[in-house]
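Engineer: sequence plus the predicted model coming up.
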Amino acid sequence: LQAAAVAAAAERDRTRTVLATLPAEAAALRQRRTTVDEEAASAARQARDAADRARAAEEDASRTRVALAEAQAARVEALLAGEASALRDSVERAERDLAEHEVIPEPQLPSGLLWLRDLLQVDDALAPALLAALGEAAAVALTRSAVLGVRAAGMSVLVPDDVVEVRTPAGCERLTDHIRVDADLRPVIEAALHNVFLAPDRRTALAAARGLLGGLVVTSDGFAAQPGLVRTPQAVSGAAEEANARLRAVLEWLRKELVARGGTDGARDSAQAIEAVEQAERAAAAAHAAASARAEGARLDSATSEERRASHARLRDALDEQVSTTERRLADEEGRLRALIAQERDTQAHVDATQAEQRAAAANARESLRSAELARERALAAEGSRRESEQRLARARERLAELRGERSKLAVEEERASGALRLLEEQVRAELGLPEDEPLPDPASLDLGEGEDDDGRASTMRELQRLRRRLMALEPVNPLAETELAEIGERHRFLVAQRADLDKAIADLRSLADELATAIAEQFSATFQAVDREFASFFAKLFGGGQASLRTSDDPEDPGIDIYARPPGKRLGSLQQLSGGERALTATALLLAILRVKPTPFCVLDEVDAALDERNVGRFTQALRELTDRTQFVVITHNRTTIEAADTLYGVSMDESGISKVISLRLAELDARVS
């Protein structure tokens, strides 16, 4: 019951410790949630700013397109005086160039890389991914005729050799593995798309992009992500398609104007018209590229802000869930603590009641033993008094018998003397002639003649006086002697019965003491043998071999237990023959053996590893691990190996103000957070 009470107290302390840390964790989570909300608000503001910048960029692009259209119209008006046939040729050439740069709808490629559409072979499902991967490379001015010219001339394509190798992220694969192209163009594609990876979905792409040092991750729907940048399919092709549509509209208007005027002007301005149209196209392309870049940047910022807001929302939801879980855990721990406190109170009450009963029983037993001892002493004293009384009674009886005999003799002698005296008086009266009522005269006054009876009378008188003196000298006889003798006999019989009861109680107590001694001896022997076995086992584990045993002393004047140990490579000897470290290990082995046989809820060890080397400290911590299932060890140590083997660390540090602080660290929770 005491062990249960100690365990309940330990559980209560542990629960209180957990409850003490939970409010701090909840406060930290709330603080983190506040920080996330602030970051989300900041991200929302950034998203709004990005949207504003996107709208401004679109308005700028619109104004640029209008200005370009107006400039083109003015220049065309100025050049309409040129030769109609030359202008038609220019228009036809512009249409051909437009056809080569035209952007096809999604998932086709933008106009700047139209030539790759015919040169690269890829699955239709991966066309948006290829479009997103090419990105800025779509503005390379390489037409189909130029490619054919390179092939016809038999020239090779130069490929840069300074490409940085990036390892393929988890869950992704290289995009070039899905592209089919001619062998002579394979180096170009490998160089352009060397560090482009294909992800199955956007979440995987974002996760992979965060861990990249360089490169790009795309998805089959045209989504592209790299560290600090996200692109959507619409951002790649929308601006180019709009600019090309306006350019086609201008060219269509030029074509109609040429047809209407019918070639009425001369051909002297044809070259200038062609050059003006080309300059207009180049200016439009440059303005279009700049506007597209600004719009794309704004859209990328907006998309990144949206993604950040979504991430913050998910993080806020996760934190809310964690706070709720922590609050529920706090409530559960509080309920558990209350239950443990109630259980501890009940257990403590039961333990107190049991201990009170045991103390009362022990007190009763001690009182009974004292009463028995006192009764035995009283019985012995009564027995002595009885024997003395019997002796006195016997002596009194003997004296009484003697006195009775003497009294009888004296009575007989007195009777005889009285009879002789009466006879003598009668003779005197008769001789003197005196009447019976007249007193006899004094014998000294009488002048008696000497006769034959004078000597007899004198002797008789002397004997009579002697007998009277003896009778007067006798002690007074107690007439209640027989009554006192009866009372003393009754008291004697009572004391004899009481002595018999005391002798029986003493015999019972001695029998109980013998049984207790036998049980104690048996239990001690069994426990001693178990501790001896475990001591030998732990000694071999801590020393890496050797033998050890416990022996009881046979000397009754100096009882005790002797410890004999033989470390590996040494002789068997007593504990005094070992070194300091060997004594520490031997004592530790004995302590662990006792804990194995009779576990306790707690065990405090104060620097028991101070005298041990690194190897023995490792064996010591391993031995402690074997007993942690039933005993909790509190080890005070400065040894690093022992500290690393602990589950929970408690340290005391002092700051600059001189105030000591207790720091606790649970290594299991730390490992879980790190993993």
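Structural biologist: Great, that's in hand.
Engineer: which pLDDT value goes with the residue nearest to R583 when sequence neighbours are not counted?
Structural biologist: Nearest non-adjacent residue to R583, counting by C-beta to C-beta, 6 or more residues apart in numbering: L575, 6.3 Å away. The C-beta positions use only the backbone N, C-alpha and C, and glycine is treated the same way. Turning to L575, the model gives it a pLDDT of 75.
Engineer: so what's L575 up against?
Structural biologist: Contacts for L575 (C-beta atoms under 8 Å, 6 or more residues apart in numbering) come out as I563, Y564, A565, R583, T586.
Engineer: what is the nearest of those residues to R462?
Structural biologist: Nearest to R462 among these, counting by C-beta to C-beta, is I563 at 99.1 Å.
Engineer: surely the closest one is in a helix?
Structural biologist: No. Assessed with DSSP: H, G, I helix; E, B strand; the rest coil, I563 is strand; it does not lie in a helix.
Engineer: could you give the number of residues near it?
Structural biologist: 19 (other C-beta atoms under 10 Å).
Engineer: same check on T600?
Structural biologist: 14.
Engineer: if we can go back for a sec, need the contacts of L575 in a markdown table (columns: pLDDT and distance to D629).
Structural biologist: Formatted as a markdown table, those follow (pLDDT from 0 to 100; distance: C-beta to C-beta, whole Å):
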| residue | pLDDT | distance to D629 |
| --- | --- | --- |
| I563 | 87 | 27 |
| Y564 | 86 | 30 |
| A565 | 88 | 27 |
| R583 | 86 | 28 |
| T586 | 90 | 24 |
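Engineer: only whichever of those are buried, select them in PyMOL.
Structural biologist: To isolate the buried ones among these in PyMOL, judged by 16 or more other C-beta atoms under 10 Å, type:
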select buried, resi 563+565+583+586
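Engineer: the contacts of L575: which two are farthest apart?
Structural biologist: Most distant of the contacts of L575, by C-beta to C-beta, are Y564 and R583, 13.1 Å apart.
Engineer: about what we covered before: dump the contacts of L575 into CSV; add distance to L595 as well.
Structural biologist: Output for those, formatted as CSV (distance: C-beta to C-beta, whole Å):
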residue, distance to L595
I563, 17
Y564, 21
A565, 19
R583, 19
T586, 15
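Engineer: and the contacts of L575, which is closest to G335?
Structural biologist: T586 (47.2 Å).
Engineer: the closest one belongs to a helix?
Structural biologist: Yes. Residue state for T586 (three-state DSSP) corresponds to a helix.
Engineer: can I see the domain layout of the chain?
Structural biologist: 353-439+453-499, 599-675 (automatic domain parsing).
Engineer: tell me, which of the ones you listed is the model least confident about?
Structural biologist: Ranked by mean pLDDT, the domains of the chain bottom out at domain 353-439+453-499, which scores a mean of 71.
Engineer: that one: end-to-end distance?
Structural biologist: End-to-end distance for domain 353-439+453-499: 37 Å, by C-alpha to C-alpha, to the nearest Å.
Engineer: shouldn't I663 be within a helix?
Structural biologist: No. Per three-state DSSP, I663 lies outside any helix segment and is strand.
Engineer: relative to D629, how far out is the residue nearest to R583?
Structural biologist: Remark: distance between L575 and D629 (C-beta to C-beta, to the nearest Å) = 29 Å.
Engineer: same question, L667
Structural biologist: 18 Å.
Engineer: which one's more surrounded, these two?
Structural biologist: For L667 versus D629, neighbours defined as other C-beta under 10 Å are more numerous around L667 (14 against 7).
Engineer: wait, that one sits on I643?
Structural biologist: No. Using C-beta atoms under 8 Å, L667 is not in contact with I643; the gap is 9.7 Å.
Engineer: what packs against the helix or strand harbouring A521?
Structural biologist: Secondary-structure element containing A521, defined by DSSP states H and E: helix 481-543. Here helix 481-543 touches helix 270-432, strand 547-552, helix 580-597, helix 614-627, going by 3 or more C-beta pairs under 8 Å, 6 or more residues apart in numbering; DSSP states H and E.
Engineer: could you rerun that using 10 Å?
Structural biologist: helix 270-432, strand 547-552, strand 561-566, helix 580-597, helix 614-627 (3 or more C-beta pairs under 10 Å, 6 or more residues apart in numbering; DSSP states H and E).
Engineer: give me the contact list for the second one.
Structural biologist: Going back to what we said before, that points to strand 547-552. Strand 547-552 is contacted by residues 524-525, 528-529, 531-533, 535-540, 542, 559-568, 572, 574-575, 585-586, 589-590, 593 when judged by C-beta atoms under 10 Å, 6 or more residues apart in numbering.
Engineer: the same query, at a cut-off of 7 Å, please.
Structural biologist: 528, 531-532, 535-536, 539, 561-566, 572, 586, 589 (C-beta atoms under 7 Å, 6 or more residues apart in numbering).
Engineer: filter those to the buried ones?
Structural biologist: Neighbour-count burial (16+ other C-beta under 10 Å) is assigned, among the contacts of strand 547-552, to V531, D532, F535, A536, F539, I563, A565, R566, T586, A589.
Engineer: residues contacting the third one?
Structural biologist: Going by C-beta under 7 Å, 6+ apart, F535 touches A548, L550, A589, L590, A593.
Engineer: what is the nearest of those to S418?
Structural biologist: L550 (98.8 Å).
Engineer: number of nearby residues for the closest one?
Structural biologist: So L550, with other C-beta under 10 Å, has 17 neighbours.
Engineer: do V634 as well
Structural biologist: V634: 12 neighbours (other C-beta under 10 Å).
Engineer: just give the closest residue to it, not the sequence neighbours.
Structural biologist: V634's closest residue in space is V604 (C-beta to C-beta, 6+ apart), at 4.7 Å.
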